[in-house]
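Peer 1: Output the structure for:
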Amino acid sequence: MAASTIAIVDDHPLFREGVSRSLSEIKDFVVVGEGASADDAATLAASRRPDVLLLDVSMPGGGINAISEILALSPRTKVLMLTASEEVESLVAALRRGAAGYVVKGVGSRELAEAIRTVVGGSWSVSPSMRAKMVEKSLFVERTLLTPRELEVIELVAEGLSNKHIARHLDLQEKTIKHHMTVILSKLGATNRTEAAIRWRQGA
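Peer 2: Below is the predicted model:
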């Protein structure tokens, strides 16, 4: 399996270098570039097209503002926010712009590596502390991130339909519904369909 390529953009050199060094020691990761601003992030996206671009929120040009341009230049790149900001508003803004995850600085290299692997695999990764804040504030904002098709699926799950019956109802293959459910569980921070349905009802 090919190694995942990673670019790191943060305007604190010592932190950036530390993250780069830690990730470079992991055999299935290759750091392909570093930067310190939104402009640097766009340049790296266009020139290196990394699998994952770690991006700080607070930097020259604004990390959140850079997400749309990064994805326009390199659609396959997963943007993973790595930031000190624990503001729920920053999390929501980043995910709505297209970020694949949000990790709060202070995590260990193992946790960061797991977050990177999660987004590379096509799922969402949000620090547990941020999920807890969202729940505490009753901000079930993940529901706003669901695609129209995912909205249809979770609504049918909430009605008690099985994957097979949902597939028939939507004229889709059952494996497609299973894929949608995997994404929905990640977005809602749920471990199973029952929990997802409960969270959906609570956030309705």
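
Peer 1: mind listing the strands for this protein?
Peer 2: Remark: strands assigned in the chain by DSSP state E are 4-9, 29-35, 52-55, 78-83, 101-104, 125-126.

Peer 1: In terms of secondary structure, what does the shortest one contact?
Peer 2: Right, strand 125-126. Contact partners of strand 125-126 among helices and strands, from 3 or more CB pairs under 8 Å, 6 or more residues apart in numbering; DSSP states H and E: strand 101-104, helix 109-120. Heads up, the C-betas are built off the backbone N, CA and C, glycines and all.

Peer 1: Go again with 10 Å.
Peer 2: strand 78-83, helix 88-97, strand 101-104, helix 109-120, helix 174-188 (3 or more CB pairs under 10 Å, 6 or more residues apart in numbering; DSSP states H and E).

Peer 1: I'd like the ones you listed laid out as JSON lines, including mean neighbour count, distance to S68 and mean pLDDT.
Peer 2: As requested, the helices and strands packed on strand 125-126 are arranged in JSON lines below (neighbours: other CB atoms under 10 Å; distance: least, CB to CB, whole Å; pLDDT from 0 to 100):
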{"stretch": "strand 78-83", "mean neighbour count": "27", "distance to S68": "10", "mean pLDDT": "96"}
{"stretch": "helix 88-97", "mean neighbour count": "18", "distance to S68": "6", "mean pLDDT": "83"}
{"stretch": "strand 101-104", "mean neighbour count": "22", "distance to S68": "16", "mean pLDDT": "93"}
{"stretch": "helix 109-120", "mean neighbour count": "18", "distance to S68": "17", "mean pLDDT": "93"}
{"stretch": "helix 174-188", "mean neighbour count": "18", "distance to S68": "19", "mean pLDDT": "89"}
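
Peer 1: Tell me which of these approaches N65 most closely.
Peer 2: N65 sits nearest to helix 88-97 of all these, at 8.2 Å, using CB to CB.
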